[in-house]
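Undergrad: 3D model of this:
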Amino acid sequence: MSLTIYEALSEAQEKLKQAGILNSFHEARLLLRYALNFSLEKIIISPQVHLTPEQLEKYKYWITRRSLHEPLSKIREEKEFWSLPFIVKAETLDPRPDSETLIEAVLKTYPSREMVFNILDLGIGTGCLIITLLQEYLFSFGIGVDKSAQALEVAQLNLEKFNLQDRLKLIQTSWGEGIEGTFDIIISNPPYIAETERQILSPEVIQYDPEIALFAGEDGLDAYRALAPHVFRLLKTSGHLFLEIGQGQEKAVEKIFEKSELIIQEWIPDLAGIIRCGIFQKAFV
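TA: Numbering: from 1, shown residues only. Predicted structure coming up:
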C-alpha cells in the first residue's frame, strides 16, 4: 500500500505519541527526512508525494524502533558532537552535549592551535573527545584506550572517517595499564552513575547505552578511583587532566585525586550550570 508523505507522517506521529515519545511530530518528521534523504523544505512542500515501497518499509522500521525508545542516534548510527558527525553503535555511549564542556576547557587552557601536544583519552568510546581535539590541534598526536574491543571498533571507524590513521593510535587496556610515556593533555569521560540511580534513567539510556559506559559501583566513583594513579604516572609535570564528572560529585572526586597528588585547578559548569569538568594538575607544580 502506497502512502503519501502526509499520510506516512501522520501515522508515524500517532504511533510515537502512543508510545510516549515527546515531540512525536518533530521526531517522526526528522526520521522521514532521513529515510527519504529530503530537506525539511522539501518535506513541507511535498505532502502529496508518494513514498516508494522501499522508502515506506525503511521508514516504518525506523518508527517501530523509535517507538521502543531506541534513540535516534542509534537508529541512524550517527550523532553530532562539536558540529562533527560521529558514527555510533549499540556498543558505545552516545556523545552528549555536556561533554563539549571538556573540549571548551581544553581550548581555553591551550588557546594556540599550532602547538604540538601528546593527548591521551582514557575510555575513548566513540572517539568523539580526542578526535575533536585532533581536529582543533592539527599538529598534535594521540592515544585512545578502552577495555571494550567493541568500543574500539567504533572508534576505529571514526578515526578512519576523519583520516587520523597517522595521528591517533588505539589500544585495548583498562584505563592506563601498560601505557608508556607522558602526555600534555589527558581527557576522560568515565562512567560515573551510581548503581542506586539505575531506576531513574530513561529507557533511551538504560536499554540502549552499554552498562559498562554508565555505571561505576554503588557510589558512582569506582572509575575515578581506578583512574587517579594512572593519571599521575602518565601526566607531564606541566600537563592537565580534563575530567568529566556527574552532578554533585566534585568534592568526592577532588578527594580521590588528591590521594594521587593531583589537585583541582578549576571546576567548569556545563550550559545548565552543573559542574561537569574538572581541570587537574600534579600537586607539586
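
Undergrad: so which residues of the stretch 1-150 of the chain form strands?
TA: Under the criterion DSSP state E, counting those that start in this stretch, strands of the stretch 1-150 of the chain are mapped to 78-81, 84-87, 118-122, 141-146.

Undergrad: mean neighbour count, mean pLDDT and distance to Leu157 added to those strands, as CSV?
TA: Where you see a C-beta, it was placed from the backbone N, CA and C, and this is true even at glycine. Listed next are the strands of the stretch 1-150 of the chain as CSV, based on neighbours: other Cβ atoms under 10 Å; pLDDT from 0 to 100; distance: least, Cβ to Cβ, whole Å:
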stretch, mean neighbour count, mean pLDDT, distance to Leu157
strand 78-81, 17, 96, 11
strand 84-87, 18, 97, 5
strand 118-122, 25, 98, 16
strand 141-146, 24, 98, 13
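
Undergrad: nearest to Gln199, of those strands?
TA: Among the strands of the stretch 1-150 of the chain, strand 78-81 comes nearest to Gln199, with 25.3 Å by Cβ to Cβ.

Undergrad: partners of the closest one in the sheet?
TA: strand 84-87 (antiparallel) (DSSP bridges).

Undergrad: identify the residues contacting the partner strand?
TA: Here strand 84-87 makes contact (Cβ atoms under 8 Å, 6 or more residues apart in numbering) with 77-80, 95, 126-128, 131-132, 135, 154, 157-158, 161-162.

Undergrad: got a list of contacts for the lengthiest strand in the chain?
TA: Using DSSP state E, we find that the single longest strand of the chain is strand 235-244. Contact partners of strand 235-244, identified using Cβ under 8 Å, 6+ apart, comprise 98-99, 101-102, 105-106, 109, 118, 182-190, 192, 224, 227, 231, 253, 257, 262, 265, 276-282, 284-285.
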